[in-house]
Structure formats: structure tokens, C-alpha cells
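Colleague: Structure for this input, please:
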Amino acid sequence: MDPPELLSMLVRNLAETDDDRPLLTRLCEACVDTFDAQGGALTVSAGPGEQAAVSTPGAFEDLEPLQEVLGEGPVPQAMAEDRLVDVRIGTLVDEYPVFSRLTESVAGDPTLYAIPMRGDGRVIGAISLYVTAHPQDLSREGLQLVADAVGAVLLGNADLLDWSERSPFHLAIGMVVAQLGVSPGDASAMIRARAFARSTSLLSAAQDVLERRVTFSYEE
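Modeller: Numbering: from 1, shown residues only. Now for the predicted structure:
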């Protein structure tokens, strides 16, 4: 499929989504439909540690939050290195051994494509696509074209994105910094480690810190 046809399909799929729902959700679904994937996610970054993400419901919807908690996986790598990353889920990979091990039981042997979204000369997020059938049919050029088109749409509609859900995480980082005198990066890592140990989300772990259900100290 040539670029104009691919972008036309993306636009048609977006137009068929319910326009009462958030733009991020609609774009995510349109990308999944455009490439006939079995699931997907869309992550937007406003800066270091400042991300909003949505996933399509189904077997793969927990994999995006898992990568966020671990700080490890194809999506963080695609965004950090500004390149498309594809990997078979469940295959042990040196770059992200923990994520790979935790996904070994995922059924369907899907291939995960993590494509950086670019805008204004920088990476502003990533699209994830989970494909269980004929992944060889996907064009890397086509995947990147759609990702960059979506990035352009998001840059033009930044006011429609809701970052309020992320603020507890950053407030919690500040509390841990105050408690231990560590750097924000180390505080973030400690909250992530707690989320991983408790098999919960970053938001939930952050709320535990903010509501003082957990405190960090060198004596613990």
C-alpha cells in the first residue's frame, strides 16, 4: 500500500471512531485498525517522566503499563533511540530481560512493533502494535509514516491531551526526594520498584506515597 492510500485509510478509520471519546484513544484504535493488528497502545511524552498512554482492550493491554513500571521494553527503547523496534513477545532479549521473562506466558506468539512518533524534530511518543498473523507483511516505512502522521495530529491538538492523571507520580517523586535526599531519578526508580514488587501501576504506587501508606527511609 503506497503512502497516500495508507494515510487515507488512517483518516477513514479515525472518522469511524466515536468522536465523543478522547483523541488519544481514537487515534490508538485507528492505528490498530489500519494495520489489522490484534492490539495496540499509544504513548505520548511531554518530557522526561511525563507520559500519557492508552491501550486497546484485550490480551495485550497490560503490557504497556508493565513497560512503564519497569522502564524497560521495546517502547522505552524506541523512544530513547528514535528507531522502530520489533520483537517477538516472550523471547528473551538482552536489552530487556525482565520484560521478556514476564511476558513468556502471553498467548498467540505476537510480534510487538514499537514505532517512535516524531514531531518538530523530536520524538514525542510511540505507537505499539501487537500482531499475531503475517507480521512480515508490515512495511517499516509504512509504520513510520503513520506514526509520524499521528505525531503531527497530536502536536496540533496538544490542548486536548489530559496530563492531570500523571501529576500524583511527580508529587510522589518530590516526597521521596524530601524523605531521602536522593535525586529525582533515584526517587522515580524506588517508586517503580515498589509498583513492580506489588504488581500494581505507577499511579497506585504514587498514591501510596502521597497518602503515607508507605514511606521510604534508610532504616527500612
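Colleague: going forward, measure contacts between C-alpha atoms and count neighbours the same way
Modeller: Will do.
Colleague: Residue nearest the middle of the chain, spatially speaking?
Modeller: Nearest to the geometric centre of the chain sits residue 43, at 4.1 Å (CA atoms, centre = their mean).
Colleague: Okay, now the unreliable bits of this structure?
Modeller: 46-50, 92, 134-137, 158-167, 217-220 (pLDDT under 70).
Colleague: In this protein, where's the longest helix?
Modeller: When the chain is parsed with DSSP state H, its longest helix is helix 140-156.
Colleague: by contact count, what packs against the next helix or strand after that helix?
Modeller: Next helix or strand after helix 140-156 toward the C-terminus (DSSP states H and E): helix 167-180. Packing contacts for helix 167-180, counted by 3 or more CA pairs under 8 Å, 6 or more residues apart in numbering; DSSP states H and E, involve helix 184-197, helix 202-210.
Colleague: show me the contacts for residue 86.
Modeller: Counting by CA atoms under 8 Å, 6 or more residues apart in numbering, residue 86 makes contact with 74, 111-114.
Colleague: how about a cut-off of 7 Å?
Modeller: 111-114 (CA atoms under 7 Å, 6 or more residues apart in numbering).
Colleague: Verify the assumption that it is located in a helix.
Modeller: No: looking at residue 86 with DSSP: H, G, I helix; E, B strand; the rest coil, it is strand, so not inside a helix.
Colleague: Quick check: the nearest residue to residue 17 once chain neighbours are set aside vs residue 16, distance?
Modeller: Take residue 17 and drop its neighbours on the chain: the residue closest to it by CA to CA, 6 or more residues apart in numbering is residue 26, 6.0 Å away. Using CA to CA, to the nearest Å, residue 26 is found at 9 Å from residue 16.
Colleague: Neighbour count: the two, which is higher?
Modeller: Per other CA atoms under 10 Å, whichever of residue 26 and residue 16 has more neighbours is residue 26, with 21 against 11.
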